[in-house]
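In: with the sequence up front, the predicted model follows.
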Amino acid sequence: MHPSHDMPLDGLLVLDLSQFLSGPYASLRLMDLGARVIKIERPESGDIARSLYLSDTEIGGDSTLFHAINRNKQSLALDLKDEKDRETLRRLIAKADVLIQNFRPGVIERLGLDYERVRQINPRLVFASISGYGAEGPWSHLPGQDLLAQSRSGLMWLSGDAEQGPVPMGLAVADMLAGAAITQGVLAALVRRGMTGEGSHVETSLLEVLIDLQFEVLTTHLNDGGRPPRRAEKNSAHAYLAAPYGVYRTADGYLALAMTPLGKLADLMDLPALAAYRDEPRAWFTERDAIKGIIAGVIAARPTQEWLDLFEPADIWCAKVLDWPQLLAHEGFQHLEMLQKLGRDDGISITTTRCPIRINGKRALTDRAAPRVGEHSRAIREEFGL
């Protein structure tokens with residue numbers, strides 16, 4: 001049940017009071033690094049993500065989303081509106097190392113479980129809070145939902161082609177990045193605790209991690225007169241980078257071209273039309289659309305593999321654009337062993353991803369699917385005398 005196997009967080013107890021993605025993603029990563037995670041859920045209905053379906057696929061009554069992000073955790077059912085259950089949680093907090101919560105600002109205080117109060121119970125506790133837009137300010141009361149955070153961050157004007165409107169990323173990137181950022185903060189706070197014996201309050205928000213994600217291009221914007229990003233008219237892959245950077249249709253698929261000296265590419269492709277631009281790096285930016293149009297017209301005439309056979313030996317940075325079936329079938333993916341099959345004692349099984357981190361060549365070995373609501377309540381109460 002507990003993912004130790006000599007992982008660095010073996011013996012650490014994490015209480016996860018969070019729902020949806022951001023907090024559970026953080027506790028998932030801590031579990032993958034060896035921690036024991038007890039998920040605190042409301043009785044019967046549990047985490048809202050159990051019924052937040054990405055599709056019409058469910059496993060054991062819960063969404064694949066819930067299974068993907070809550071594997072190998074334990075579930076303790078507690079009604080936090082009930083004082084008796086809150087007292088049970090306080091007694092468990094006294095024995096924990098980390099607590100993660102992503103309630104809207106003000107909720108954790110109304111429950112009497114905010115950092116200032118629980119640190120009186122356990123001064124060594126690392127307390128992690130994730131919000132939508134911070135604990136204070138005019139947006140703090142708004143729902144911390146991924147698409148809405150993307151909408152307010154400016155991120156949507158960096159993807160897609162120029163004629164398109166705002167384009168959201170097709171993943172819950174704010175949630176995932178917030179989970180990753182809070183994990184970094186938790187690990188740093190644990191290091192500090194190891195030196196001082198004191199816990200900490202670690203905080204981040206969906207908007208803050210999306211701003212950080214854009215640090216490179218936003219810094220450019222802030223220091224070049226405030227010019228807005230301008231996406232290419234076609235084949236765009238980056239709102240700032242020069243031609244030929246982009247994704248191009250071939251005769252049978254798509255090819256990505258990264259940073260490449262234009263003269264070298266023109267010679268390989270035998271494109272005299274690029275002669276006017278080849279030795280003018282500034283034009284690779286200012287005339288980006290015209291250059292891309294020339295390249296796109298030629299690339300579309302031949303299959304992807306022919307271009308790879310031409311470009312790769314010449315050290316042109318390029319790649320075939322794979323869909324999921326192509327990725328999953330490829331030896332390069334299979335060599336990484338990034339998939340695993342998990343089960344549960346009620347007979348359900350699910351294939352999902354694995355932790356991307358290895359420690360001394362090993363990943364944590366987990367074999368259990370996400371828990372049923374309150375599945376471990378009795379065992380946890382008995383173990384901790386709750």
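Out: On my side now, so go ahead. Numbers count the residues shown, from 1 in each chain.

In: other SSEs contacting the lengthiest helix in the chain?
Out: When the chain is parsed with DSSP state H, its longest helix is helix 173-196. Packing partners of helix 173-196 (3 or more CB pairs under 8 Å, 6 or more residues apart in numbering; DSSP states H and E): helix 22-32, strand 98-101, strand 126-131, helix 146-153, strand 200-205, helix 206-213. Glycine gets a C-beta too; all of them are placed from N, C-alpha and C.

In: at 6 Å instead, please
Out: Under the contact criterion of 3 or more CB pairs under 6 Å, 6 or more residues apart in numbering; DSSP states H and E, helix 173-196 touches helix 22-32, strand 126-131, helix 146-153, strand 200-205, helix 206-213.

In: closest to V167 out of these?
Out: V167 lies closest to helix 146-153 among those, at 9.8 Å (CB to CB).

In: now that closest one and helix 173-196, what's the angle there?
Out: Put simply, helix 146-153 runs at 90 degrees to helix 173-196, going by axes from the mean of the first three to the mean of the last three CA atoms, to 10 degrees.

In: pull out the buried residues from helix 146-153.
Out: Residues D146, L148, A149, Q150, S153 are the ones in helix 146-153 that count as buried (16 or more other CB atoms under 10 Å).

In: which among these gets closest to Q340?
Out: Q340 lies nearest to D146 out of the buried residues of helix 146-153, by CB to CB, at 25.5 Å.

In: before we move on, back to that, out of the helices and strands packed on helix 173-196, flag the one nearest I295.
Out: Closest to I295 of these is helix 206-213 (CB to CB; 28.5 Å).

In: what mean pLDDT does whatever helix or strand comes next after that closest one have?
Out: Helices and strands here follow DSSP states H and E; after helix 206-213, the next one along the chain is helix 215-223. Helix 215-223 shows a mean pLDDT of 94.

In: if you count contacts, what does helix 215-223 end up packed against?
Out: Counting contacts by 3+ CB pairs under 6 Å, 6+ apart, helix 215-223 is packed against no other helix or strand.

In: show me what counts as buried in it.
Out: Buried residues in helix 215-223 (16+ other CB under 10 Å): V217, L218, H221.

In: so can I have TSV of these showing distance to D175?
Out: Shown next, in TSV, are the buried residues of helix 215-223 (distance: CB to CB, whole Å):
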residue	distance to D175
V217	21
L218	20
H221	25
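
In: specify which member of those residues is nearest to C318.
Out: Within the buried residues of helix 215-223, the smallest distance to C318 is 22.8 Å, found for V217 (CB to CB).

In: count of residues packed around the residue nearest to the closest one when sequence neighbours are not counted?
Out: Leaving aside its chain neighbours, V217 sits nearest to Y240 (5.6 Å; criterion: CB to CB, 6 or more residues apart in numbering). When neighbours are counted by other CB atoms under 10 Å, Y240 registers 17.

In: and Y240, what element?
Out: For Y240, there is no host helix or strand (DSSP H and E).

In: distance of it relative to S205?
Out: Distance, Y240 to S205, by CB to CB, to the nearest Å: 25 Å.

In: one more: L92?
Out: From L92 over to S205 (counting by CB to CB), the distance is 26 Å.

In: name the residue in the two with the higher neighbour count.
Out: Set L92 next to S205 and count neighbours by other CB under 10 Å: S205 wins out with 27 against 23.

In: can you list the buried residues of helix 146-153 in TSV and add pLDDT and distance to G226?
Out: As requested, those are arranged in TSV below (pLDDT from 0 to 100; distance: CB to CB, whole Å):
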residue	pLDDT	distance to G226
D146	96	27
L148	97	25
A149	97	23
Q150	97	22
S153	97	17
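
In: could I get these as TSV with distance to L322?
Out: Shown next, in TSV, are these (distance: CB to CB, whole Å):
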residue	distance to L322
D146	25
L148	31
A149	29
Q150	25
S153	28
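
In: could you report the neighbour count for the residue nearest to Y133 when sequence neighbours are not counted?
Out: The shortest distance from Y133 to any non-neighbouring residue, by CB to CB, 6+ apart, is to W139 (3.8 Å). By the criterion of other CB under 10 Å, W139 has 16 neighbours.

In: go on, L336?
Out: L336 has 9 neighbours, counted by other CB under 10 Å.

In: could you check how far the least confident helix or strand in the chain by mean pLDDT is from the centre of its chain?
Out: Ranked by mean pLDDT, DSSP states H and E, the weakest helix or strand in the chain is strand 58-59, scoring a mean of 86. Chain-centre distance of strand 58-59: 22 Å, with CA atoms, centre = their mean, to the nearest Å.
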